[in-house]
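Chemist: structural data only, the sequence is not supplied:
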């Protein structure tokens, strides 16, 4: 689910690293990212299993999660995280400095895309994950703005999809007329 979000930071690491160290730098970045999400995933899974054990058919946990997600979506902290996703810090060229600056890779875009909703639906996990992935990719297209309370969503992504759909419908319509 998170692989599409890795493309920009991996490109950044690749473009800003010496050729002889490039593979190692990309490996460190991707492995640290994967390690963080494995630990987070285990946490989500433990909570989901506990919830499903206590209330296997209840929709209350999912409703609570959606409420928390909506509050997070409107919070200034979410906008701050989105803004930090647009910033690609410089990478050091030499080993000691690079090792000191590497921790940015551990937290870069970490809070942008938790896949927790997929753990709390009894059916349709892949659909939920695909929807969340599309939402997060579209959010990444938005410009950085000042952090404040308010609804934010993938407006630019939705406009792109809408324009594409109108283009496709226009092409289909013109074929029928011909």
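Modeler: Looks like it arrived, so ask away. Computed from a predicted model, the values in this text were never measured in an experiment.

Chemist: what are the boundaries of the helices in the protein?
Modeler: Per DSSP state H, the chain carries helices over the ranges 3-15, 19-54, 60-74, 76-85, 95-101, 103-107, 116-119, 125-139, 155-177.

Chemist: quick one: the third one to helix 19-54, angle?
Modeler: Think helix 60-74. 140 degrees (axes from the mean of the first three to the mean of the last three Cα atoms, to 10 degrees).

Chemist: so how far is helix 60-74 off the chain centroid?
Modeler: Centroid separation for helix 60-74 versus its chain: 17 Å, with Cα atoms, centre = their mean, to the nearest Å.

Chemist: tell me the mean pLDDT for that helix?
Modeler: In this model, helix 60-74 has an average pLDDT of 86.

Chemist: so what does it touch, helix or strand wise?
Modeler: With contacts taken as 3 or more Cβ pairs under 8 Å, 6 or more residues apart in numbering; DSSP states H and E, helix 60-74 sits against helix 116-119. In this view, the C-beta of every residue, glycine as well, is placed from N, C-alpha and C.

Chemist: ok so, going back, for the helices of the chain, which one ends up most surrounded?
Modeler: The highest mean neighbour count among these, using mean count of other Cβ atoms under 10 Å, belongs to helix 116-119: a mean of 20.

Chemist: contacts for stretch 67-76?
Modeler: Under the criterion Cβ atoms under 8 Å, 6 or more residues apart in numbering, residues 78, 117, 147-153 lie in contact with stretch 67-76.
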